[in-house]
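[1] make a model of this:
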Amino acid sequence: MSFDESWDSESTGKSWDTPLAPGSYQMRLLEVSDDTRGDTTRTTLKLEVIDEGDNLGRWVWHDWPHRADLAWLAAMPWKAFGIPGGPTGHTDSDKFRQVSNALMSKVGGVVMVTTKLRSYTHNGEDRVAVQVCKMSPANVHPAAPAGPAPSYDYAAPAPASARMVTNYQDALQQPQGAMAAFDSLGQAPAEAPAGYGD
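    This next block holds a predicted model:
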C-alpha cells in the first residue's frame, strides 16, 4: 500500500474501531515498558500483527502486574521467545525486572499469539478487549540457501560452524537450574489457565 493509499484508507471505510477477531497471528514485538503506580509495577508488551491481510499492522498489548501469582503471564513471552531457563533474581521483584530486561532484548522478534475477546463493564459502559491467551514460537524460517548442499569428508573434523551448532544444541538440552527459581513464582504454563478472562 502506498503512502497516499494509506493516507486515504480511513475515508474508504477501513476501520480498526472494532477489536481484533479472536485467532492466532504472527506478531512482532515492538515495545517493552515498565510502569509503576503506587506500589504496583506493571510490564506491558506492544505487539504488531505481521500477517498479510486486513489485520496487518494492528497492535495488541499483553501486560501483567508484578505479582507472584501472575508470573505465568510473564512466562508466556519468555518461553515463546525461546529464552532458556527462567529468571534467577533473589526476590520476585528482581525476577520480574529480569523478565522485562530479557524481553527488551527481543524487540523486533516474532512470535505466534493466540487472542480472544474479553467483555467487561467499566464505569457502567460495556466494553470488549483483546486478550492474549497463548504465545508460542513463530514458524518463521529463513529462506533456503541456493545451490546444492555442501558435502564434507567425514574423516576430517567438522567445520567450526557445524561444531558451534552442535554445542549450542547440546547446551539447550542441559538441565536448567534457573527453571526452579522461575517456577518458585508459581506454576508457569505456556498458556492461560482455563477460564482466564471469562
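
[2] got the contact list for stretch 111-121?
    19-20, 22-27, 29, 47, 60, 62, 77, 80-81, 126-139, 191, 197-198 (Cβ atoms under 8 Å, 6 or more residues apart in numbering). Yep, even glycine has a C-beta here, placed from its N, CA and C like the rest.

[3] buried set for it?
    Buried residues in stretch 111-121, counting neighbours by 16 or more other Cβ atoms under 10 Å, are found at Val111, Met112, Val113, Thr114, Thr115, Lys116.

[4] just the helices in the protein please.
    3-7, 71-80, 92-104, 160-172, 178-183 (DSSP state H).

[5] thinking again about what came up before, filter the contacts of stretch 111-121 to the buried ones?
    19-20, 25-27, 29, 47, 60, 62, 77, 80-81, 130-135, 138, 191.

[6] among the residues you listed, which are in strands?
    25-27, 29, 47, 60, 62, 130-135 (DSSP state E).

[7] now these as CSV including distance to Lys95?
    Formatted as CSV, those follow (distance: Cβ to Cβ, whole Å):
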residue, distance to Lys95
Tyr25, 28
Gln26, 28
Met27, 24
Leu29, 20
Leu47, 22
Val60, 24
His62, 18
Val130, 27
Gln131, 24
Val132, 20
Cys133, 23
Lys134, 22
Met135, 18
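
[8] ok, of these, which one's closest to Gly86?
    Closest approach to Gly86 among those (Cβ to Cβ): Met135, at 15.5 Å.

[9] and that closest one, bridged to which residues?
    The partner list for Met135 in beta bridges (DSSP bridges) reads Val113.

[10] number of nearby residues for Asp54?
    11 (other Cβ atoms under 10 Å).

[11] quick one: it from Gly23, how far?
    Per Cβ to Cβ, to the nearest Å, Asp54 is found 12 Å from Gly23.

[12] do Ala102 as well
    27 Å.

[13] for stretch 127-139, which outside residues touch it?
    Counting by Cβ under 8 Å, 6+ apart, 19-20, 24, 26, 47, 60, 62, 76-77, 79-82, 110-121, 190-192, 196-197 sit against stretch 127-139.

[14] you'd agree Glu48 is up against Met27?
    Yes. Under the criterion of Cβ atoms under 8 Å, Glu48 makes contact with Met27 at 6.0 Å.

[15] buried stuff in stretch 59-68?
    Within stretch 59-68, judged by 16+ other Cβ under 10 Å, the buried ones are Val60, His62, Trp64, His66.

[16] could I get that stretch in CSV with only the CA atoms?
    The C-alpha trace of stretch 59-68 is given here as CSV (Å, rounded to 0.1, in the frame of the first residue of the first chain):
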residue,chain,number,x,y,z
TRP,A,59,-1.5,-3.6,17.7
VAL,A,60,-2.1,-5.9,20.6
TRP,A,61,-1.0,-5.3,24.2
HIS,A,62,0.0,-8.0,26.7
ASP,A,63,0.7,-6.9,30.2
TRP,A,64,0.9,-8.1,33.8
PRO,A,65,1.4,-6.7,37.3
HIS,A,66,4.5,-7.8,39.1
ARG,A,67,2.7,-10.2,41.4
ALA,A,68,3.9,-13.7,42.1
